[in-house]
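Trainee: pasting the sequence and the predicted model now:
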Amino acid sequence: MKQILLAYALVSLIIIAIMSVMSYGAGAGYVYLLWHGVQIQTNVWVVLFLIVVVSLFLQMSWLMLKRSIHREKRQLEQVLNFSHLHPYEQLGVIWILDGEEEQQAFVQQVFDQSGLLKQVVYARLKYQQNQYAEALVDLERSPASAFELAEIQRIEIYLAQNDAQQALTHLEFLNGHALSPWLDQVNLAYTQRMSELWGIYAVQFPWQYLHSTQFGQLNTAMKNDWLVQILGQFEQANLEEIELLQQRYIELAEHIATLSFDTRKLWLKVLSRLSEMGQQHQNLALQMLDEQFDQDVFYLWFQHQLLKQVPDYDALEQKINQFESKYPGMPVFSFAKWHIYIATGRMDEAKALLSLYPKNILMNYLRIKATFNGNEELIQQLNLVFEKDANFIQFKI
């Protein structure tokens, strides 16, 4: 259709040029039509313009009618052989069946004529067969116009090779690169793919991700997965990585309230492992408890208060009473008060609490702990048992 419009535009320009020359000194001409009593008087220019418009209209109508007939015929036609399909239909079948590997030769044949995508598609097929070195060679031969597509493929290869440094280098470079104009129509798909690659990198290399300057690339689910990996690998981190993690939270602190509750909860668990971030831990915990009650958040806040060098038991008990009036019937408040009563020598009140909530796991923990009579070795072993099913919460009290 585009070719037809261009052809008519070219013919129109030629006609205009010829008519301009012929009209020079002779005027625009005169046309008189008389048919069934209807008279039309005009000039040659108008007649030629109407002829071109009517011709274009008839040709476009015929083209659309022919396409419609062909489409209906294709829908009614019984397909007996895969090779009888149009190449784009064959590619569609392979895409739906996820059969690129099985039909690799056919896919390569289809894209052999594509100067833009040939090398990128070849690299993609070799990547799927774990031929990473050969895939990278093909990508080096890809045209500059396909730069973004080639870079995405390179990143996938480096991630598959567990090459954290190369993957991060290319991710950051591509993230700061202006998208080619011809990809504007698929900008959303491109952005989503980049976000997915950042998420894969963050989960695969949680500590190396801290060296990135592009933290905003992760969606909520990816942020949570990354923080879970940080918690799971926390003991493997070195001092530099711990400092980067602390700096990351400090940069994030003013926007922390915009994160989901689950993401903030994971950050709170991370902060509980960072002794230098005690004030930030307390601020975040109180902010979350003011929004809604969560037993894990309360426990982390309470444990942090008890582990201070000189706990203020009176202020702590008063705060717990405030929480209890706002969120009544929570067993964890009895758990917290038991520790305060023991620390302040109110043994009878502490003993009375042990009879409450017989099926609550934290109160069961206290009932077992109370029988150890302060034996630190047994208490540490009990804490380890509870930590295994505590979802990254460390028992320190």
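Mentor: Looks like it came in fine.

Trainee: which strands or helices does whichever helix in the chain runs longest pack on?
Mentor: Assignment by DSSP state H gives helix 44-76 as the longest helix of the chain. Other helices and strands packing on helix 44-76, by 3 or more Cβ pairs under 8 Å, 6 or more residues apart in numbering; DSSP states H and E, are helix 2-23, strand 31-35. In this view, the C-beta of every residue, glycine as well, is placed from N, C-alpha and C.

Trainee: out of these, which comes closest to Q153?
Mentor: Proximity to Q153 (Cβ to Cβ) singles out helix 2-23 among the helices and strands packed on helix 44-76, at 30.6 Å.

Trainee: most tightly packed of the helices and strands packed on helix 44-76?
Mentor: Of those, the one with the most neighbours on average (mean count of other Cβ atoms under 10 Å) is helix 2-23, at a mean of 11.

Trainee: give me the angle between that helix and helix 44-76.
Mentor: Inter-element angle recorded for helix 2-23 and helix 44-76: 170 degrees (by axes from the mean of the first three to the mean of the last three Cα atoms, to 10 degrees).

Trainee: start at 500 instead
Mentor: Fine by me, first position is 500 from now on; the one you just mentioned is helix 501-522.

Trainee: can you give the distance from helix 501-522 to the centre of its chain?
Mentor: 51 Å (Cα atoms, centre = their mean, to the nearest Å).

Trainee: and the contacts of it?
Mentor: With Cβ atoms under 8 Å, 6 or more residues apart in numbering as the test, helix 501-522 has contacts from 528, 543-544, 547, 551, 554-555, 558-559, 562.

Trainee: between the longest helix of the chain and strand 530-534, how big is the angle?
Mentor: 60 degrees.

Trainee: give the buried residues for helix 543-575.
Mentor: Residues of helix 543-575 classed as buried: 544, 547, 555 (neighbour count, 16 or more other Cβ atoms under 10 Å).

Trainee: now do the strands in the chain.
Mentor: Per DSSP state E, the chain carries strands over the ranges 530-534, 537-541.

Trainee: export these to a markdown table and tack on distance to Q607 and mean pLDDT?
Mentor: Converted to a markdown table, the strands of the chain look like this (distance: least, Cβ to Cβ, whole Å; pLDDT from 0 to 100):
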| stretch | distance to Q607 | mean pLDDT |
| --- | --- | --- |
| strand 530-534 | 60 | 77 |
| strand 537-541 | 60 | 79 |
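
Trainee: minimum distance to E875: which of the helices and strands packed on helix 543-575 has it?
Mentor: Closest to E875 of the helices and strands packed on helix 543-575, according to Cβ to Cβ: helix 501-522, at 82.1 Å.

Trainee: and the pLDDT for M862?
Mentor: pLDDT, M862: 86.

Trainee: leaving out chain neighbours, which residue sits closest to it?
Mentor: Y856 (4.5 Å; Cβ to Cβ, 6 or more residues apart in numbering).

Trainee: now N863
Mentor: Leaving aside its chain neighbours, N863 sits nearest to P857 (7.9 Å; criterion: Cβ to Cβ, 6+ apart).

Trainee: neighbours of that neighbour, how many?
Mentor: The number of residues packed around P857, counting by other Cβ atoms under 10 Å, is 9.

Trainee: for it, give me the pLDDT.
Mentor: The confidence metric pLDDT takes the value 86 at P857.

Trainee: quick one, phi psi at it?
Mentor: Here is the backbone geometry of P857 (degrees, to the nearest 10): phi -60, psi -20.

Trainee: quick one: low-confidence ranges for the stretch 700-849 of the chain?
Mentor: 714-715 (pLDDT under 70).

Trainee: what comes up buried for stretch 681-698?
Mentor: 689, 692-693, 696-698.

Trainee: would you mind pulling the contact partners of that stretch?
Mentor: In contact with stretch 681-698 (Cβ under 8 Å, 6+ apart) are residues 644, 647, 651, 654-655, 658, 670, 673-674, 678, 713, 716-718, 720-721, 724-725.

Trainee: redo that, cut-off 6 Å
Mentor: 654, 716-717, 721 (Cβ atoms under 6 Å, 6 or more residues apart in numbering).

Trainee: using PyMOL, define a selection of the buried residues within the residues you listed.
Mentor: One line in PyMOL is enough to select the buried members of the contacts of stretch 681-698, burial here meaning 16+ other Cβ under 10 Å:
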select buried, resi 654+716+717+721
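
Trainee: and which of the contacts of stretch 681-698 is nearest D813?
Mentor: L717 (42.6 Å).

Trainee: check contacts around the closest one.
Mentor: Taking Cβ under 6 Å, 6+ apart as the contact definition, L717 lies against 697-698.

Trainee: how many other residues sit next to A849?
Mentor: Neighbours of A849 under the rule other Cβ under 10 Å: 20.

Trainee: I'd like the distance between it and D813.
Mentor: Per Cβ to Cβ, to the nearest Å, A849 is found 16 Å from D813.

Trainee: next: A835.
Mentor: Distance of A835 to D813, computed by Cβ to Cβ: 14 Å.

Trainee: give me the more crowded residue out of those two.
Mentor: A count of neighbours by other Cβ under 10 Å puts A835 above the other of A835 and D813, at 27 against 10.

Trainee: wait, doesn't the more buried one sit right on I819?
Mentor: Yes - between A835 and I819 there is a contact under Cβ atoms under 6 Å: 5.4 Å.

Trainee: mind listing the helices for the stretch 700-849 of the chain?
Mentor: Assigned by DSSP state H, counting those that start in this stretch, the stretch 700-849 of the chain shows helices spanning 719-731, 738-751, 760-770, 777-790, 794-805, 812-825, 830-842, 846-852.

Trainee: would CSV of the ones you listed with distance to Q607 be doable?
Mentor: Converted to CSV, the helices of the stretch 700-849 of the chain look like this (distance: least, Cβ to Cβ, whole Å):
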stretch, distance to Q607
helix 719-731, 34
helix 738-751, 44
helix 760-770, 44
helix 777-790, 54
helix 794-805, 54
helix 812-825, 66
helix 830-842, 62
helix 846-852, 73
